[in-house]
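J.: Make a model of this:
(one chain, ligands or ions: 1)
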Amino acid sequence: MWKRCLSGSQSRSARHRIVSTRSTAAGKPRSCRATTHSPLRVTASASSSSAAARQAPASMGEEDLLVKFGIGDAHCHPQDDPAACAAGLGSLSARYLAVMGTRADDWEAVEQLSRREPGKVIPCFGVHPWFAHRHALESDQVAHPASLMDTPPNGKDDPSRHPELMSGPPPTAPETWLPRLRGLLRAHPHSVVGEFGLDRAAVVPGTRLQPSWSHQLALTELHLRLASELRRPASLHCVQGYGHLQDMLRRLGPEGCPPKIMLHSYGGSVDLIKGFTKLPGGVGDRIYFSFSSVINGRQGRTKLLQRLAAVPVGRLLLESDQCSPTRVDAGLRDILAAAAEARGVGLEQAAAEAAEAFRDFYADSLTRMAREETAAAAGGAVTAAAGEAEEEAGDAVAAEEEGSRRQEGG
Ligand SMILES: [Zn+2]
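T.: Residues are numbered from 1 along each chain as shown. A predicted model of the protein is given here:
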């Protein structure tokens, strides 16, 4: 989730930006970034998480618990603030950042950041539902962009009212973005699939059109199957679609579901938490719930604490969901304080639990990163990297060939 930062990096295709009506205030839609990454977002965060902030001094007292326990940010978008990223992430207290890609246009920024900060950044690649209509799955959809947008239920808008939308840059063709997504995931074995998912409230900015729901469902299933195939964790966005998501996970079963699934900025009910964790075939054991003060704090303190308290120990992740590294640490401290309050435990215990859950969810990524670090320290980085690069280059070629075959086969 986010907004203005995203729109900033998207200025060339501003008309394709998305707004989630979930993030409206007094019925007035905010830009996608206003939800989480704009001045509006900061305002929302500051007010809604004020209780948490009161309990979480800026420095957490004498000790920085983020540093002491090695807490990572389970979901964020710092690539949207390239200037701050250029200054480096070394000064952050957060031990790791799982940096979520949201569309083909920002994957390169995620990749570059992970290369610059190899011990800190876990790169993640996916198509956010706000950009679903910009990523076609069939060639017909490239030629007919309107097919990727739904008219609102009240009938108060129609693609024909937005000729500029239909005559602009076409949606990215599947033979372009699909092999690239697969290639990036293979080229970075420590990467994760995300951010993707379902958003029933999203609308295309400047319109009342919505990214096609059937297309969102198709993209979500594609990402889940890809993560399952590559044995990667997945980070999901979900707004007003938890029932559909549960049905999909149940239908895909243990074979079609990723080994670990994070529901980021979880906004569903307490009952749904139980439903997700009881999904059959062991799928329920793979579900993690992640919370941010910037999104979940806006939904009311009581609801936030209820949800935090309902998540099984070990499945609770903390995230900032921020679009600038400058706001990552504060976001984590806010939600850490809320987690401690909800569980009725001290900050240290909550911090230890959060760090352990993060290490569990991102275990494979961290193992690979540590191996690279060790190899680099031993002076064997060149050899190790060369070997892996060769292996992954082969994988990428195979992926491209597979994509071509799929394309040829229709
Ligand atoms: Zn996000």
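J.: Please make it C-alpha for all contacts and neighbour counts, starting now.
T.: Will do.
J.: Quick check: buried residues in the helix or strand containing residue 304?
T.: Taking DSSP states H and E as the criterion, the element that holds residue 304 is helix 301-310. For helix 301-310, the neighbour count (16 or more other Cα atoms under 10 Å) marks 301, 303, 304, 305, 307, 308, 309, 310 as buried.
J.: same thing with stretch 152-167?
T.: 157, 159, 165, 166.
J.: just stretch 368-378 next, same as before
T.: For stretch 368-378, by 16+ other Cα under 10 Å, it's 369, 372, 373, 375.
J.: In a markdown table, list these along with pLDDT and distance to residue 196.
T.: A markdown table is the format used below for the buried residues of stretch 368-378 (pLDDT from 0 to 100; distance: Cα to Cα, whole Å):
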| residue | pLDDT | distance to residue 196 |
| --- | --- | --- |
| 369 | 97 | 24 |
| 372 | 90 | 28 |
| 373 | 88 | 29 |
| 375 | 89 | 33 |
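J.: Taking the residues you listed together, which two end up most distant?
T.: Taking Cα to Cα, the two most distant members of the buried residues of stretch 368-378 are 369 and 375; they sit 9.8 Å apart.
J.: Tell me the first helix or strand C-terminal of the host helix or strand of residue 216.
T.: Residue 216 is part of helix 213-230, with elements assigned from DSSP H and E. Per DSSP H and E, the first helix or strand lying C-terminal to helix 213-230 is strand 234-239.
J.: now that following strand, how far from the chain's geometric center?
T.: Centroid separation for strand 234-239 versus its chain: 6 Å, with Cα atoms, centre = their mean, to the nearest Å.
J.: by contact count, what packs against the helix or strand following it?
T.: Counting by DSSP H and E, the next helix or strand C-terminal to strand 234-239 is helix 242-256. Counting contacts by 3 or more Cα pairs under 8 Å, 6 or more residues apart in numbering; DSSP states H and E, helix 242-256 is packed against helix 213-230, helix 270-277.
J.: Give me the buried stretch members for the first one, please.
T.: By neighbour count on 16+ other Cα under 10 Å, the buried set for helix 213-230 is 213, 215-217, 219-228, 230.
J.: nearest to residue 117, of the buried residues of stretch 152-167?
T.: residue 165 (37.5 Å).
J.: mind saving the C-alpha coords of the helix or strand containing the closest one as PDB?
T.: Using DSSP H and E, residue 165 falls within helix 163-167. Presented in PDB, the C-alpha positions along helix 163-167 are these (Å, rounded to 0.1, in the frame of the first residue of the first chain):
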ATOM      1  CA  PRO A 163     -10.600   8.200 -24.100                       C
ATOM      2  CA  GLU A 164      -7.200   9.500 -22.800                       C
ATOM      3  CA  LEU A 165      -6.900   6.400 -20.700                       C
ATOM      4  CA  MET A 166      -7.600   4.100 -23.600                       C
ATOM      5  CA  SER A 167      -5.300   5.800 -26.000                       C
END
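J.: end-to-end on stretch 198-216?
T.: 6 Å (Cα to Cα, to the nearest Å).
J.: from the chain's centre, how far out does that stretch sit?
T.: 18 Å.
J.: Stretch 185-201 now?
T.: Worked out by Cα atoms, centre = their mean, stretch 185-201 lies 7 Å from the chain centre.
J.: Equivalent analysis for stretch 65-82, please.
T.: 13 Å.
J.: residues of it that come out buried?
T.: Those would be 65-66, 69-82, for stretch 65-82 by 16+ other Cα under 10 Å.
J.: Return the member of the residues you listed nearest to residue 331.
T.: residue 73 (9.1 Å).
J.: so who does residue 73 touch?
T.: 94, 95, 96, 97, 98, 318, 319, 320, 328, 332 (Cα atoms under 8 Å, 6 or more residues apart in numbering).
J.: So which of those residues belong to helices?
T.: Among the contacts of residue 73, the ones falling in helices (DSSP state H) are 328, 332.
J.: okay, residue 377: pLDDT?
T.: Residue 377 is assigned 86 on the pLDDT scale.
J.: where are the low-confidence patches of the chain?
T.: 1-62, 380-410 (pLDDT under 70).
J.: which residue ends up closest to the midpoint of this protein in space?
T.: residue 195 (3.3 Å; Cα atoms, centre = their mean).
J.: isn't that one right up against residue 131?
T.: No - if you go by Cα atoms under 8 Å, residue 195 and residue 131 don't touch, sitting 10.7 Å apart.
J.: Which neighbours do these two have in common?
T.: residue 102.
J.: residues in contact with residue 147?
T.: 141, 212.
J.: for the one 3 residues further on, same thing?
T.: With contact set as Cα under 8 Å, 6+ apart, residue 150 has these partners: 209, 210, 211, 212, 213.
J.: Tell me which residues touch the residue nearest to residue 285 when sequence neighbours are not counted, please.
T.: Leaving aside its sequence neighbours, residue 285 sits nearest to residue 277 (Cα to Cα, 6 or more residues apart in numbering; 6.0 Å). Residues counted as contacts of residue 277 (Cα under 8 Å, 6+ apart) are 283, 284, 285, 286, 287.
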